[in-house]
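Enquirer: no sequence for this one, just the structure:
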């Protein structure tokens, strides 16, 4: 091999080697970038899924809170309407009491009858405000008869005026006042709120009538 | 004889020079290859870092917040309609309801 041929051989081998090195580097570089893109896509997908899950949870919680708040407001509105009905009913009963209407007089009789029925004695004190006490006394004979018929025995009723019973109704107690049954209008209204709420809701919130 | 030797030495020197040039070429190629890989690594880092700084996450959040706000507004509008319907129903039934309570209270159950 001549010197010239050797020179050409050296040059050619160097060229090949440089080309191979650069080719490998370019390949590796492309591989690094491609891998990074693939990894980025995977990370992006995972991150998107995680974010969407987080946002779903946040939205669910936020909407649930809003739904609860709106439900609370709706129930509050119903409760306020219910209260207004009871207030109005109370006012009307008190008006009846003030005007001493026949219906109210009958109510007083029933309240006494109920009170005496709840207590297993035969001597009672019936307390009412001065206006109602007077009305009861006027009708005492009939009331006493009804009570006796109901209890199926002779009973005594002592009517007492008590100014502390402001709105109306009665407190029926035993002679020794150990047992008593509170049938004042305040107590009746309070009991009505508990006992009649279901029925009231059916009437008040019934649609289409 | 001397002339022949002189020629051979010159050729040898040229070959050595050629070898040096070749080595330099390979060295430069290695250097360039290193730079190519380094650049690729930097590009890869940028690609991955771009995920964090991508504005799409804020966009997704913003879109979702708007969607949630729209759903809440729909719920509130529905609630408003329910309250109006309730008020209408109650106004229609109010008198009947008061009468019912008064009647039940006057009835007094034994």
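Expert: All right, it came through fine. All values reported here derive from a predicted model rather than from experimental measurement.
Enquirer: going by C-alpha atoms from here, please, whenever you check contacts or count neighbours.
Expert: Will do.
Enquirer: just for chain A, where's the confidence low?
Expert: Applying pLDDT under 70 to chain A flags residues A:209.
Enquirer: could you pull out the helices for the chain?
Expert: No chain in the question, so chain A it is. All helices of chain A, identified by DSSP state H, fall at A:3-99, A:102-118, A:130-138, A:140-151, A:185-195, A:197-204.
Enquirer: hmm, I had chain B in mind actually
Expert: Taking DSSP H to define them, one finds helices in chain B at B:2-53, B:56-107.
Enquirer: quickly, which of those bottoms out on average pLDDT?
Expert: The stretch with the lowest mean pLDDT among these is helix B:2-53, which comes in at a mean of 91.
Enquirer: tell me who's in contact with residue A:21.
Expert: Residues in contact with residue A:21 (C-alpha atoms under 8 Å, 6 or more residues apart in numbering or on different chains) are B:29, B:30, B:33.
Enquirer: Provide a list of residues in contact with residue 67.
Expert: The chain I'm using is chain A. residue B:75.
Enquirer: wait, I meant residue B:30
Expert: Contacts of residue B:30 (C-alpha under 8 Å, 6+ apart): A:18, A:21, A:22.
Enquirer: dump those to TSV, plus distance to residue A:121.
Expert: Compiled in TSV, those are given as follows (distance: C-alpha to C-alpha, whole Å):
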residue	distance to residue A:121
A:18	121
A:21	117
A:22	116
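Enquirer: tell me the domain boundaries of chain A?
Expert: Domains of chain A are assigned by automatic domain parsing as A:1-99, A:100-204.
Enquirer: still on that earlier bit, nearest to residue B:73 among the contacts of residue B:30?
Expert: residue A:22 (62.2 Å; C-alpha to C-alpha).
Enquirer: so the closest one is in contact with residue B:35, correct?
Expert: No. The pair residue A:22 and residue B:35 fails to qualify as a contact (C-alpha atoms under 8 Å) at a distance of 10.1 Å.
Enquirer: neighbour count winner among the two?
Expert: Neighbour count, other C-alpha atoms under 10 Å in any protein chain shown: between residue A:22 and residue B:35, residue A:22 has more, with 22 against 15.
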